[in-house]
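Student: Sequence unavailable; structure follows:
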């Protein structure tokens, strides 16, 4: 079993999802403050590349998930359609 390594950005400590096809932190980011919400990114039918990380926001220690997206239009689409379970 492989162990995912964490890494830090300026704003977050990130833990990559093993289901990521693209293991990149893209420019457009949405922090979801629901660490246990199921986020099935393929079901959003996004046009660009995307990745998902478990995240700790460094400014306040809040745990959640970080969705990173290649395209701004995908960020808008995700924000409009995401509903925590």
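Tutor: Yes, it's here. Everything quoted here is computed from the prediction, not taken from an experiment. Numbers count the residues shown, from 1 in each chain.

Student: which one is residue 30 nearest to, not counting chain neighbours?
Tutor: Spatial nearest neighbour of residue 30, chain neighbours left out: residue 67 (4.6 Å); criterion: C-beta to C-beta, 6 or more residues apart in numbering. Glycine gets a C-beta too; all of them are placed from N, C-alpha and C.

Student: Look up which residues are beta-bridged to that neighbour.
Tutor: Residues in a beta bridge with residue 67, per DSSP bridges, are residue 30, residue 52.

Student: Which residues are in contact with it?
Tutor: 29, 30, 32, 39, 41, 50, 51, 52, 78 (C-beta atoms under 8 Å, 6 or more residues apart in numbering).

Student: give me that answer again for 10 Å
Tutor: Applying C-beta atoms under 10 Å, 6 or more residues apart in numbering, we find residue 67 in contact with 26, 28-32, 39, 41, 44, 46, 50-53, 55, 74-75, 78-79, 82.

Student: With residue 45 instead?
Tutor: By C-beta under 10 Å, 6+ apart, the neighbours of residue 45 are 74, 77, 81.

Student: Need those in TSV (columns: pLDDT and secondary structure).
Tutor: Supplementary listing: the contacts of residue 45 in TSV, determined by pLDDT from 0 to 100; DSSP: H, G, I helix; E, B strand; the rest coil:
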residue	pLDDT	secondary structure
74	98	helix
77	97	helix
81	96	helix
